[in-house]
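In: Below is the structure, and that's it, no one-letter string:
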């Protein structure tokens, strides 16, 4: 009978976890649901959607709005159902079976998974002891393997830090490969490579609505040279962004003050929690909306303990982040509760 | 510099057309937008969505509802952003680079495009003069090439007819390949292979919300043996169906009487239009919500003429359907207008 491709056999279905916790701090979501008045603005726009018609395949209105926000041309923007879909598309467009993808590790898991699914050769290059990039090794590896892609999360997930800006620039200007700088957590880091796009035609920037605006709508985008966008459009499913996501994103973009306020609170809370924990734990300084903390107990004990107390957090029991946990910054009261747990009971 | 993969070069970005026509009869959409009262039921459910949270990655509530509607288990259901995404996933899961995909032609274009993108070998087997399958040739080809997939649209798009049920059954029971029976237009044909799922583990059925319920929400699904679903879940992007699509589909499923009425009107209109046209044109009897009609003039003239009169229809100027047009059944007044055009002026 028909069997899965060999490269697929090694994969497990990605399991994002289903625990309905009181404190959901496992997925780097914003802890703030949109106020009802804001939701109603979105729903009002959705009411005008012709439900029987396909979405605008080019998401033109949204494209204009996102281009304007980023001061680039509409032709430099490409949308996906979250950046996940865009990772798959860029690999489908440019990286054939056996083509090399380089990723630092630990990093966001979907880069590796998408590479495996697309039959690519995924080479992992460990971060240094400060969780920074080994730029020389990455450049040498890219040269040697004629790599097609290097994926760099900036800030990195799960470690939370932004890698050295200079090292990334060095990589971008030294390699022939595409360098994807994934700025999913931009709103919490304030750092971007956007201004380097014009000079470096191999630079691709990823952004997402998921971490601050809304994870429910599933919208990520890529900013890159027009030629790249044109090629990736050849493999894009024609109606990939549905009418509801397009409508929601357009309204969300108008809520800049609200989202900026929330980002500000989250960043302040992150710093507060970091300061309170650093005397107790080995912990990484963060530029994102989460903290990367070394566990003092084994994964199973730790997981059970958090679950018992109503917390859902990300615990790494295997792989390159083994022995660490990742904690999303929640609302102030959630952060206080988690701090209490972490400084009293688990210790 | 980095170049697109060779197999991608042959592709053009799929251009679904952007003409804002008075009569939009080009995309096989339902001509009936949802009544406002029904939209409001959907929006009411959407208002309860936590906008900051990721969607349910398993779409459990929707899965239960769709399973119940089809009298299968929830584990037999798999959702995609339209069937387009599912075509890509099944190929990624089971059909590696160089693996063979067989399609009758002409048929729905995405089967070939997805095959090319995934580096598969796509073999096209022409329909016979009655637009029916050449089952013997397909079976022989599947044997010889050890094909992984055969895609059969039932009814076929763009020809509109359901292929012979017996020929399809013969194919399903004769080949080792997966046979995808794409029932996108089920609501207009009333014919399904669902009851054969238990006996034939290589049968996969596709369905969609796009053609009758709502094209805007982008939701298709696959019904298949649990082992198939489990494997395809390994390549699925974890949050591929956003919260809004899940909410909308759940409410749409409750509007069975409304949608059945609309399907009934569309089928009656199709028969009326067919009867009125068949004395004037070479035209294919249809089991779907569109008609396949041989043009009397060349493509350019025909297209211009329809555009001038406010119609957007699908005209095939190249490929296996060259010289034919595909006309979506619209509202009665639209069908009367198009009939007038087709029987008076174009003739």
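Out: Looks like it arrived, so ask away. Because the structure is a prediction, the values reported are computed rather than measured.
In: what's the nearest residue to residue A:174 if we skip its chain neighbours?
Out: Take residue A:174 and drop its neighbours on the chain: the residue closest to it by C-beta to C-beta, 6 or more residues apart in numbering or on different chains is residue A:139, 4.7 Å away. In short, each C-beta sits where N, CA and C put it, glycine included.
In: Now name the helix or strand holding the one you found.
Out: In this assignment (DSSP states H and E), residue A:139 forms part of helix A:135-145.
In: what comes into contact with that helix?
Out: Applying C-beta atoms under 8 Å, 6 or more residues apart in numbering or on different chains, the external contacts of helix A:135-145 come out as A:100, A:102, A:104, A:121, A:123, A:125, A:147, A:150, A:164, A:167-168, A:170-171, A:174-177.
In: Show me which of these are buried.
Out: A:100, A:102, A:104, A:121, A:123, A:125, A:147, A:150, A:167-168, A:170-171, A:174-175, A:177 (16 or more other C-beta atoms under 10 Å in any protein chain shown).
In: sec struct for residue A:125, please.
Out: Per DSSP: H, G, I helix; E, B strand; the rest coil, the secondary structure class of residue A:125 is strand.
In: what does the stretch 51-200 of chain A have sitting close to chain B?
Out: A:51-55, A:57-58, A:81-82, A:84-85, A:88, A:92-97, A:110, A:117-119, A:148, A:176-178 (C-beta under 8 Å from any C-beta of the partner chain).
In: picking that back up, and the residue nearest to residue A:174, how close does it get to chain B?
Out: Counting by C-beta to the nearest C-beta, to the nearest Å, the gap from residue A:139 to chain B is 16 Å.
In: what does residue A:257 give?
Out: Counting by C-beta to the nearest C-beta - residue A:257 and chain B are separated by 17 Å.
In: so what pLDDT did that residue get?
Out: For residue A:257, the pLDDT comes out at 96.
In: Identify the residues contacting the helix or strand hosting it?
Out: Using DSSP H and E, residue A:257 falls within helix A:256-277. With C-beta under 8 Å, 6+ apart as the test, helix A:256-277 has contacts from A:30-32, A:35, A:38, A:187-188, A:212-213, A:252, A:283, A:285-286, A:288-291, A:293, A:327, A:329-332, A:335, A:338-339, A:342-343.
In: Among the residues you listed, which are located in helices?
Out: Of the contacts of helix A:256-277, the ones assigned to helices by DSSP state H are A:38, A:187-188, A:252, A:332, A:335, A:338-339.
In: Closest to residue A:228 out of the residues you listed?
Out: Closest approach between the ones in helices among the contacts of helix A:256-277 and residue A:228, by C-beta to C-beta: residue A:187, at 24.2 Å.
In: which residues sit in contact with that closest one?
Out: Contacts of residue A:187 (C-beta under 8 Å, 6+ apart): A:211-212, A:259, A:263.
In: mind putting those residues in JSON lines, neighbour count included?
Out: Output for the contacts of residue A:187, formatted as JSON lines (neighbours: other C-beta atoms under 10 Å in any protein chain shown):
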{"residue": "A:211", "neighbour count": "25"}
{"residue": "A:212", "neighbour count": "23"}
{"residue": "A:259", "neighbour count": "20"}
{"residue": "A:263", "neighbour count": "18"}
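In: Tell me the one among the residues you listed nearest to residue B:218.
Out: After measuring the contacts of residue A:187 against residue B:218 - C-beta to C-beta - the closest member comes out as residue A:211, at 22.9 Å.
In: Quick check: residue A:252 vs chain B, distance?
Out: The gap separating residue A:252 from chain B is 9 Å, by C-beta to the nearest C-beta.
In: So that residue sits against residue A:41, correct?
Out: No: Residue A:252 is not in contact with residue A:41 according to C-beta atoms under 8 Å; the separation is 9.3 Å.
In: Could you check which of these two has the larger neighbour count?
Out: Per other C-beta atoms under 10 Å in any protein chain shown, whichever of residue A:252 and residue A:41 has more neighbours is residue A:252, with 23 against 15.
In: Can you name the residues that contact that one?
Out: Shown in contact with residue A:252 (C-beta under 8 Å, 6+ apart): A:42, A:209, A:213-214, A:217, A:259.
In: If we use 6 Å, what do you get?
Out: Going by C-beta atoms under 6 Å, 6 or more residues apart in numbering or on different chains, residue A:252 touches residue A:213.
In: before we move on, back to that, report the buried members of the residues of the stretch 51-200 of chain A next to chain B.
Out: The neighbour count (16+ other C-beta under 10 Å) marks A:51-55, A:57-58, A:81-82, A:84-85, A:88, A:92-96, A:110, A:117-119, A:148, A:177-178 as buried among those.
In: Which members of these are positioned in strands?
Out: residue A:178 (DSSP state E).
In: how's chain A carved up into domains?
Out: Per automatic domain parsing, the domain ranges recorded for chain A read A:17-34+A:256-345, A:36-252.
In: Any stretches of the stretch 1-150 of chain A with poor pLDDT?
Out: A:1-2, A:14-19 (pLDDT under 70).
In: What segments of it are helices?
Out: Assigned by DSSP state H, counting those that start in this stretch, the stretch 1-150 of chain A shows helices spanning A:6-9, A:36-47, A:60-70, A:82-94, A:109-117, A:135-145.
In: and of those, who's closest to residue B:226?
Out: Residue B:226 lies closest, by C-beta to C-beta, to one member of those: helix A:6-9, at 16.6 Å.
In: Just the buried residues of that closest one, please?
Out: A:7-8.
In: and if you look at stretch A:69-88?
Out: Result for stretch A:69-88 [16+ other C-beta under 10 Å]: buried residues A:70, A:72, A:74, A:76-88.
In: repeat for stretch A:246-264
Out: For stretch A:246-264, by 16+ other C-beta under 10 Å, it's A:246-253, A:255, A:259, A:262-263.
In: got a list of what residue A:5 touches?
Out: Taking C-beta under 6 Å, 6+ apart, we find residue A:5 in contact with residue B:96.
In: Closest one of the buried ones among the contacts of helix A:135-145 to chain B?
Out: Closest to chain B out of the buried ones among the contacts of helix A:135-145 is residue A:177 (7.2 Å), distances taken as C-beta to the nearest C-beta.
In: Surely the closest one and residue A:151 touch.
Out: No: contact criterion C-beta atoms under 6 Å: residue A:177 and residue A:151 do not qualify, at 10.1 Å.
In: Give me the mean pLDDT for stretch A:201-221.
Out: Computed over stretch A:201-221, the average pLDDT equals 97.
In: so residue A:283 sits right up against residue A:293, yeah?
Out: Yes: if you go by C-beta under 6 Å, residue A:283 and residue A:293 touch, sitting 4.8 Å apart.
In: Show me the strands in the stretch 201-347 of chain A, by range?
Out: Along the stretch 201-347 of chain A, counting by DSSP state E, counting those that start in this stretch, strands occupy A:203-208, A:220-223, A:283-284, A:290-294, A:311-315, A:324-328.
In: any chance of these in CSV, plus distance to chain B and mean neighbour count?
Out: Converted to CSV, the strands of the stretch 201-347 of chain A look like this (distance: least, C-beta to the nearest C-beta, whole Å; neighbours: other C-beta atoms under 10 Å in any protein chain shown):
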stretch, distance to chain B, mean neighbour count
strand A:203-208, 10, 24
strand A:220-223, 11, 24
strand A:283-284, 24, 21
strand A:290-294, 14, 23
strand A:311-315, 12, 22
strand A:324-328, 11, 26
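In: Kindly reformat the ones you listed as CSV containing distance to residue B:227.
Out: Listed next are these as CSV, based on distance: least, C-beta to C-beta, whole Å:
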stretch, distance to residue B:227
strand A:203-208, 33
strand A:220-223, 31
strand A:283-284, 41
strand A:290-294, 36
strand A:311-315, 30
strand A:324-328, 33
